[in-house]
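Q: Just to be clear, the model below is a prediction. Sequence and coordinates:
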Amino acid sequence: MAHEPEILDAELVDDERLPARARPSDARPVLTQHTILRPGEMPATQRPQYSERDFYVSEETARRMDEAAAPKNTDKNYRSQRGMFQRWCDQMGRVANPCTTATYVEYIAGMIARGYAPSSIRTHKSAIRSWQPDDAKPGTSVVNGMIKEYAKEWGKRNRVKKAPAITDAMFRAMVASCDQHHPIGIRDRCALILGRGNLHRRIELADLICPQVEKISSV
């Protein structure tokens, strides 16, 4: 028994207008170094479609952003330090932004050679690095190591020497030099006697009030 031919619906088209073949899905999981997946959770296979709403902030948020962006002393210092770095790079034929790690290291090494304080060098270091693009910031391991070693050397050279202790003879001479007929002399004599007798620091003497002085004097 012959089978009847199967009739298919078709449409005649020109060869140049053939419909495009469906390509296999090339969607890949959208994963970055910041992605965190819970157990059993599948990664997204396509990026979200953003609308205008995703890019706007409220008036309150905009106000807070403006307040945060207001000029501050730190910003002024950073602008000055970045300007110094920019001028140095121009003189040396180097690119200031984004700078290479070698340029960053060379500039900090120059500050060390000129004897800048470690705290000042660290401020310059932060000002320059925070100025660079997020994806092109120079490395800090070499710079931090140099500053750490330099700080030890600088601390030894600039260590503050303690003043010699006041002897009893020196103390009696200081008290005797106070004019007890003038309010200033009376005040100084009182401060010397109270300070030495109670081992007060200057700030502690300045914070004393009359009832406390009377109580100490009566002991």
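A: Yep, it's here.
Q: and the residue nearest in space to the middle of the chain, what element?
A: Geometric centre of the chain, nearest residue: residue 126, 5.9 Å, by Cα atoms, centre = their mean. Using DSSP states H and E, the element containing residue 126 is helix 118-131.
Q: Longest helix in the protein, please.
A: For the chain, the longest helix by residue count, based on DSSP state H, is helix 73-92.
Q: and the angle from that helix to helix 118-131?
A: If you take axes from the mean of the first three to the mean of the last three Cα atoms, to 10 degrees, helix 73-92 sits at 80 degrees to helix 118-131.
Q: from the middle of its chain, how far away would helix 73-92 be?
A: 16 Å (Cα atoms, centre = their mean, to the nearest Å).
Q: Going by contacts, tell me the helices and strands next to it.
A: Here helix 73-92 touches helix 101-113, helix 118-131, going by 3 or more Cβ pairs under 8 Å, 6 or more residues apart in numbering; DSSP states H and E. To be clear about C-beta, it is placed using only N, CA and C from the backbone, and glycine gets the same treatment.
Q: So which of those helices is nearest residue 208?
A: The closest of those to residue 208 is helix 118-131. By Cβ to Cβ, the value is 33.9 Å.
Q: Centre of the chain to the closest one, how far?
A: 8 Å.
Q: which residues in this structure form helices?
A: Under DSSP H, the chain gives helices at 59-68, 73-92, 101-113, 118-131, 141-157, 168-176, 183-198, 202-206, 210-218.
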